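*Asks:* missing the sequence, but the structure's below:
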């Protein structure tokens, strides 16, 4: 390429990208900065650059540190494959496998971690810049960040590759950022896929983020961002999507699959949308609103909660019982409209604590509007399988030979008042003080 | 490019990409495989590669056979244009046309077909690998697959270019696959655009798939996939989107235009979502659920059914009459909430069999929840035009000078019980046994 | 690159892309045309090309004129940053800023404008072709178009950089077009971002279009297009999204932020969808349907209207008072279902004209269906801040210490009849002639 603002990591004279791509990219960033010397206010002078990572396996020993705007790092392949299935396959079978690892334009995160290191030190890509303006328009596109292994973490998990612990993060943005884009990426076997503080106008679109302890964490506060059209599935301990003190977040068109302690967890989030997603979990607490989450919209989502069908994780869950609610709300004036909930309780590994499972639960706050949600609950004798994929498909497709299950479709706790519950369950299915909340039962046949 | 994992089809020494790009790509794949010899389990060694197809016309005589993971094939242009309009224009006018064919990074599928060939032999790209793991992360991006011509098929269609028959498929995936991506592509004049068996975590996003016999077919079984943000429109015989025995499919943000025997056809699909799409068809049977499709969500979609306005296809339809239903459901516990239906019946070419047209029809299965759907039905004297584009725009915009049409908004057949129908039509518009199904009529003015 | 159909603007022998990229691209287009001489109907011969713009600052003095199909113009960075914040920062502070301008693959629009020039002359990219077929599959991807400055426009605005006036347009399509794609782009400081006449099967997807007078304008007429997954925010005078005489438009998954006189303005649009967006505005008239907009679906959107929190724009608005409605409808048979509305009225700068604010207002037309919308209205003593970002975040997150505000959730004017209003407000909140419109009040607690 003739342009000085196009870099290929395999052509850069400093370092060896196959041995330490971090050193190479940091050297490229230093070169970009050394050339951005124009200070004339009538010119631009700091347009940034693109760094291309062709398909290949690139070890990363040095953390990449980004402190310039308009940097795009791009590859040609998200490279996801399931490492979890491989690590739960007998090593005797490995020689017969076509390939053992993820691929594409793949970063192998080798960062050496010390005990008690701060979290950000385990990040492959670390973005931080103080002063003004906020760092803008950094883009990550079409490559794979692979944390390689999980490790023994004292939890008693016998296979260390199933702990979802390794201290590694794919992309960590520490300071306020504007108009960042993360698209077409693959993230696998990281304790944290994407961690971003203080985001404005962020796009996380069309990525594959799975088999990570946590997938997407938006921390601190932020606004006016979107998480759209991703395939996402965290480990049993973490969040598939987490947001804190956010306003105007749009979470839509995502297919969020198990496991994930929560599919989506909001902490003090307001005036945001969870619409039109497909959410699948093995535990209660699929979507959680904590710390006064208010004026959010949850609509047109498909919630499915069933049970772990794969042998290595049977018996593991997020610790919540079936009274917790698939959708747990603490906050005011939220809207929950036109969602479908399927709850499939497995008679083998039920965790009911002797009570009726809860679908939507309002714990505190006033004025929530719960309307036209359809709950389907069944009890089933499900199969456990040594094959992850076929077990899941089998479970998903099984709707026959099941018994209807009695559930509480909506539970409003006493601390919560002035809610409106419409057409989301029968009189018996909606449990609340009907003198302080508004209610209309879903009509029943023949009634 | 310095990387050995980046290939440009115009630079490869074997074959001539303009004469047979299939030979070139197969040779490149052989080269990739010959270099992926690392068997050390602690390394990777099989990251795949990217094959770049610059804009240009590339004939494909040899089928491309893909049996490696992490292969990305990408171009720089989806290149769609309407071949149908051209083939229905007098040849006398061709000399005056700016261009005659689709373009961009365009594959011209020349595969020679024998009578009674198996279907997969007509595929431009054929993906198949047995053993473990499933083949992963193959990506197709930003190029055009053009089947060139349809052929005389004995149907009596006078113009062979209007048959939607030629035995050709764009991409055919025969074995179980994981985390595939098809994005930014164009497909035109293929009998089958995309045919995929046994998909897991598949992404079909932001493509242009039109003037194909069938556009997207997910066969066998599969799970946790998404078909999002595409422009799609099949021929009158086939499906725009078809899925079989699938769980957790998310179909959203698509603009599905005519013709298409069905916009979306589900065969034994469960716990999936059709949300937030714009669906337009010229026939009944726009969305069909067959073979016990259960616990699916259909919400926030806009359905428009009107009539064929373009001369070459006037009189052709999918064979279904207006009692069939625009949305046809066989299955249990589905949710149909917050959709808009526009039915525009053309008095010239009506196919009513003397009865009242049906919008939503539940044929069998129990426990479906049909709520807050708005049906608008009008009778109109529409125009037929020799110009495809202006005819469609004209029809779309015509809402004046029409008469209200009497329709059955919801019909529940006797075989189906325990359904709930709310605010989706008046007492007269909802036809069912109201003693075995629950019902609340949409309030009427002054009532 | 070996292919003659791949061009890099920095390698082209004619012109200097840094001084006038328009001259360079026009020269490349002339070269493409000179090579597309094949007229054999059995071949293709006109596949187009791709023009690559690496990251960098490229002045554009000559308008790019596009009259060939299958042209893709692509960069490697959308390059957005807020110019508005910079231009409202004291020049004394500029020396301390990390960068002063947007970046990425950035076009600096320097087109000299004369008084009374026609609008299209101010376009950086101008697409026009007469004859048949319509021009197809032109693609713009992953670069930045920067209008640089706004100018004094006689409006009395003291800072000319806040006028949103400069006569410049990013992309202007004058003639009927088919299957165009605009993706991954950045637009900033243009009076018009994207202006397209007579669009068919258009994709505007995943762009960043902000700080423009108007962002997206679809004019004339058009059909079967999508505006999806964009971050958009126009200036106070213009439209974030505007469409005229359109059928089958799908607007979904967008995060539309202030200011924007309207977030979405429809003029004679029919059978289209506004679903699943997050819409935020500082004024009434967020979504406007004018000139008999009919059979459209508005569902699963989150509407937030609050007040301007940033000092430079305090006191500026779109001129509409709070009786206008956040959603204004003139037309027949539209559906408004399952939306959330948050209205936050600031006691400091209220513009109520002594009356009760209106959320949904039907001005004319019959048969609209308004169902299951949740309105939350609060009165608040909000803060104004010199910092744009922190002011907005602060406002978004503030839900405490507020008082409930009395609003009219639905107002149906006398000219409009036969509408159905369900579960979208109490009897007092829904103001209309309840003898000619159908009504069911949202149940109230204890009732």
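*Replies:* Yep, that arrived. None of these values were measured; they are calculated from a predicted model.
*Asks:* state the pLDDT value of residue A:3.
*Replies:* Note on residue A:3: pLDDT of 82.
*Asks:* what's the neighbour count on it?
*Replies:* 20 (other C-beta atoms under 10 Å in any protein chain shown). In this view, the C-beta of every residue, glycine as well, is placed from N, C-alpha and C.
*Asks:* any idea which element it lies in?
*Replies:* Per DSSP states H and E: residue A:3 is located in neither a helix nor a strand.
*Asks:* could you find the closest non-adjacent residue to it?
*Replies:* residue C:54 (3.4 Å; C-beta to C-beta, 6 or more residues apart in numbering or on different chains).
*Asks:* isn't that neighbour right up against residue C:105?
*Replies:* Yes: contact criterion C-beta atoms under 8 Å: residue C:54 and residue C:105 qualify, at 6.4 Å.
*Asks:* now for these two: what residues contact both?
*Replies:* C:75, C:76 (C-beta atoms under 8 Å, 6 or more residues apart in numbering or on different chains).
*Asks:* the more surrounded of those two?
*Replies:* residue C:105 (34 against 25).
*Asks:* so what's the more buried one bridging to?
*Replies:* residue C:56 (DSSP bridges).
*Asks:* what separation do you get for it and residue B:339?
*Replies:* For residue C:105, the distance to residue B:339 (C-beta to C-beta, to the nearest Å) stands at 41 Å.
*Asks:* over to residue A:376?
*Replies:* According to C-beta to C-beta, residue A:376 stands 19 Å off from residue B:339.
*Asks:* who's more crowded, those two?
*Replies:* Neighbour tally, residue A:376 and residue B:339, criterion other C-beta under 10 Å: the higher count belongs to residue B:339, 33 against 25.
*Asks:* phi, psi for that one please.
*Replies:* phi -100, psi 150 (degrees, to the nearest 10).
*Asks:* so it sits against residue B:302, correct?
*Replies:* Yes: when contacts are counted by C-beta under 8 Å, residue B:339 is listed as touching residue B:302 (7.4 Å).
*Asks:* overlap in contacts, those two.
*Replies:* With C-beta under 8 Å, 6+ apart as the test, residue B:339 and residue B:302 both reach residue C:297.
*Asks:* most proximal residue of chain A with respect to chain C?
*Replies:* Nearest residue of chain A to chain C, counting by C-beta to the nearest C-beta: residue A:247, 2.5 Å away.
*Asks:* which bits of the stretch 251-400 of chain A sit near chain C?
*Replies:* Contact residues (C-beta under 8 Å from any C-beta of the partner chain) of the stretch 251-400 of chain A with chain C: A:252-253, A:268, A:270-273, A:275-276, A:292, A:294-297, A:299-300, A:332-333, A:335, A:337-338, A:367, A:369, A:371-372.
*Asks:* try it again with 7 Å
*Replies:* Residues of the stretch 251-400 of chain A lying close to chain C by C-beta under 7 Å from any C-beta of the partner chain are A:252-253, A:270-271, A:273, A:275-276, A:294-295, A:297, A:299-300, A:332-333, A:335, A:337-338, A:367, A:369, A:371-372.
*Asks:* restrict those residues to those near chain B?
*Replies:* A:253, A:276, A:300, A:338, A:372.
*Asks:* check those residues for burial and list the buried ones.
*Replies:* Neighbour counting by 16 or more other C-beta atoms under 10 Å in any protein chain shown classes A:253, A:276, A:300, A:338, A:372 among these as buried.
*Asks:* can you tell if stretch A:283-293 touches chain B?
*Replies:* No: using C-beta under 7 Å from any C-beta, stretch A:283-293 never reaches chain B; the gap is at least 13.7 Å.
*Asks:* how about that stretch: buried residues?
*Replies:* Neighbour count says stretch A:283-293 has A:283, A:284, A:285, A:286, A:287, A:288, A:289, A:290, A:292, A:293 buried, by 16+ other C-beta under 10 Å.
*Asks:* just give me the neighbour total for the closest residue to residue A:412 other than its chain neighbours.
*Replies:* Among residues not flanking residue A:412 along the chain, residue A:432 sits closest, at 3.4 Å (C-beta to C-beta, 6+ apart). Neighbourhood size, residue A:432 [other C-beta under 10 Å]: 20.
*Asks:* quick one on the thing from earlier: so the residue of chain A closest to chain C, which of the three states?
*Replies:* strand (DSSP: H, G, I helix; E, B strand; the rest coil).
*Asks:* name the nearest residue to it, sequence neighbours excluded.
*Replies:* residue C:396 (2.5 Å).
*Asks:* how about stretch A:129-147, does it reach chain B?
*Replies:* No: counting by C-beta under 7 Å from any C-beta, chain B is not contacted by stretch A:129-147; separation bottoms out at 8.3 Å.
*Asks:* show me what counts as buried in that stretch.
*Replies:* Going by neighbour count (16+ other C-beta under 10 Å), the buried part of stretch A:129-147 is A:129, A:132-147.
*Asks:* and residue A:294, bridged to which residues?
*Replies:* Applying DSSP bridges, one finds that residue A:294 bridges with residue A:270.
*Asks:* do you know how far it is from residue A:364?
*Replies:* 11 Å.
*Asks:* returning to that earlier point: now do the same contact list for the residue nearest to residue A:247.
*Replies:* When contacts are counted by C-beta atoms under 7 Å, 6 or more residues apart in numbering or on different chains, residue C:396 is found next to A:223, A:247, A:248, A:270, A:271.
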